[in-house]
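# the amino acid sequence is not available; the structure is as follows:
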Ligand SMILES: [Zn+2]
Ligand SMILES: [Zn+2]
């Protein structure tokens, strides 16, 4: 097969667009989509100047998504004095898994010259995910604990670095799965929150819930294309799955989505197009009587309860030890 743009040998065929692309045109098309998303979501504020730059914290796990995101953000903004990039990695305390992916993070950031910080659950909460999975006082999947801890660390460190934006490597498949899960769970308030937390253009979000705003510039790029980009650019990505991963519902949705996409190419894109429109309407509708956020009595994090979810989980884990 030949590249539709230049006739060189194609490395990929996107069923949803019908395009065959060579390595060069493919990597450029990924970069173009990321830059367009950054523009459309209004992530670079008009008033950012070299004298008064904005700080962007990138959640860097060492997996292909965040590695590709870091590389493209670096290539786009390294010479732009209005933007300062910081990569933040989390050590969850998972034997034999996280050490390898942190090596990938260090290799990448050293090569690019991006500031890199690492924090651990052990230092932050006094727990390691291996112990959490073993104790499991709330009878949940390990990912449920880990997600609460990760959000807490990311938002606290984003504040510590005086970040204006927190960027994560969620791709099109991740976002379309989340959209479908919200539909199937019938949770429209969750759809509204999704819009305000990370999906909507920055200035259209109705309520920022006191956290540093988040954004997902890779969310127009299918997972397979992110993987191909990492491979073609020879990026140091760690591909092993987390040994604790067991989100059964998301796994089912993943398989369903792959089948749908196979039979009806473009399904992920059309789900997201409709979902974004609906999410904007839901955010406006729910924005007016959104639950008031107070501060956690223990740690001061923004929460709708007396004690935030993270502090409740740490307490449950201490009780089970
Ligand atoms: Zn080409
Ligand atoms: Zn708390």
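Received, thanks. Keep in mind that what you see is a predicted model, and the values were worked out from it rather than measured. Ligands and ions are numbered 1, 2, ... in the order given.
# what segments of this structure are strands?
12-14, 19-21, 54-59, 83-91, 115-120, 165-167, 214-215, 294-295, 302-303 (DSSP state E).
# which one, of those, ends up nearest to residue 206?
When the strands of the chain are compared by Cβ to Cβ, strand 214-215 sits nearest residue 206, at 15.0 Å. (C-beta placed from N, C-alpha, C; glycine too.)
# strands paired with that closest one, and their directions?
Sheet pairing of strand 214-215 (DSSP bridges) gives strand 165-167 (parallel).
# now render the strands of the chain as CSV, adding mean pLDDT, mean neighbour count and distance to residue 159.
Output for these, formatted as CSV (pLDDT from 0 to 100; neighbours: other Cβ atoms under 10 Å; distance: least, Cβ to Cβ, whole Å):
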stretch, mean pLDDT, mean neighbour count, distance to residue 159
strand 12-14, 96, 16, 39
strand 19-21, 97, 20, 41
strand 54-59, 96, 22, 10
strand 83-91, 95, 21, 12
strand 115-120, 95, 16, 13
strand 165-167, 94, 23, 10
strand 214-215, 94, 22, 13
strand 294-295, 86, 13, 13
strand 302-303, 84, 18, 10
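# out of those strands, flag the one nearest ligand 1.
Ligand 1 lies closest to strand 19-21 among the strands of the chain, at 5.9 Å (Cβ to the ion).
# helices or strands up against the closest one?
strand 12-14 (3 or more Cβ pairs under 8 Å, 6 or more residues apart in numbering; DSSP states H and E).
# what ranges in the stretch 151-300 of the chain fall below the confidence cut-off?
207-210, 288-291 (pLDDT under 70).
# and it, which of its residues are near ligand 2?
With Cβ under 5 Å from the ion as the criterion, the stretch 151-300 of the chain comes near ligand 2 at residues 296, 298, 299.
# contact residues of this protein facing ligand 1?
Taking Cβ under 5 Å from the ion as the contact definition, the chain meets ligand 1 at 3, 5, 6, 8, 22, 25.
# count the residues that sit near the first one.
When you say that, I think you mean residue 3. Neighbourhood size, residue 3 [other Cβ atoms under 10 Å]: 19.
# surely residue 221 touches residue 35?
No: in terms of Cβ atoms under 8 Å, residue 221 does not count as a neighbour of residue 35; the distance is 11.6 Å.
# of these two, which one has the most company?
Taking other Cβ under 10 Å, residue 221 and residue 35 do not tie; residue 221 has more neighbours (26 against 15).
# relative to residue 33, how far out is the more buried one?
From residue 221 across to residue 33, the span is 6 Å (Cβ to Cβ, to the nearest Å).
# OK, contacts around residue 85?
56, 58, 70, 73, 74, 77, 78, 114, 115 (Cβ atoms under 8 Å, 6 or more residues apart in numbering).
# could you pull out the helices for the stretch 1-150 of the chain?
Under the criterion DSSP state H, counting those that start in this stretch, the stretch 1-150 of the chain contains helices at 23-40, 64-77, 98-112, 121-125, 129-135, 142-160.
# does anything pack onto the shortest one? Which helices or strands?
Put plainly, it is helix 121-125. So helix 121-125, by 3+ Cβ pairs under 8 Å, 6+ apart, packs with strand 83-91, helix 142-160, helix 309-320.
# go on, the first one?
Of the remaining helices and strands, those touching helix 23-40 by 3+ Cβ pairs under 8 Å, 6+ apart are helix 64-77, helix 223-232.
# who's in contact with it?
Contact with helix 23-40 is made by 3, 5-6, 8, 11-12, 21, 44, 68-69, 72, 75-76, 201, 215, 217-221, 225-226, 228-229, 232-233, as judged by Cβ under 8 Å, 6+ apart.
# isn't residue 292 right up against residue 304?
Yes: taking Cβ under 8 Å as the definition, residue 292 is a contact partner of residue 304 at 7.3 Å.
# quick one, which of those two is more surrounded?
For residue 292 and residue 304, the more surrounded residue by other Cβ under 10 Å is residue 304, and the numbers stand at 12 against 6.
# against ligand 1, how distant is that one?
Distance, residue 304 to ligand 1, using Cβ to the ion, to the nearest Å: 51 Å.
# give me the pLDDT for that residue.
For residue 304, the pLDDT comes out at 82.
# one more: the one 3 residues further on?
Note on residue 307: pLDDT of 94.
# surely it is in contact with residue 300?
No: using Cβ under 8 Å, residue 307 makes no contact with residue 300, being 11.1 Å away.
# pick out whichever of those two has more residues nearby.
Taking other Cβ under 10 Å, residue 307 and residue 300 do not tie; residue 307 has more neighbours (15 against 11).
# in contact with the more buried one, which residues?
Each residue near residue 307 by Cβ under 8 Å, 6+ apart is listed here: 296, 297, 298, 315.
# the third one and residue 119, how far apart?
I take that to be residue 298. 19 Å.
# okay if I get the contacts of residue 85 as a markdown table plus distance to residue 129?
As requested, these are exported to a markdown table (distance: Cβ to Cβ, whole Å):
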| residue | distance to residue 129 |
| --- | --- |
| 56 | 27 |
| 58 | 21 |
| 70 | 23 |
| 73 | 27 |
| 74 | 29 |
| 77 | 32 |
| 78 | 33 |
| 114 | 26 |
| 115 | 25 |
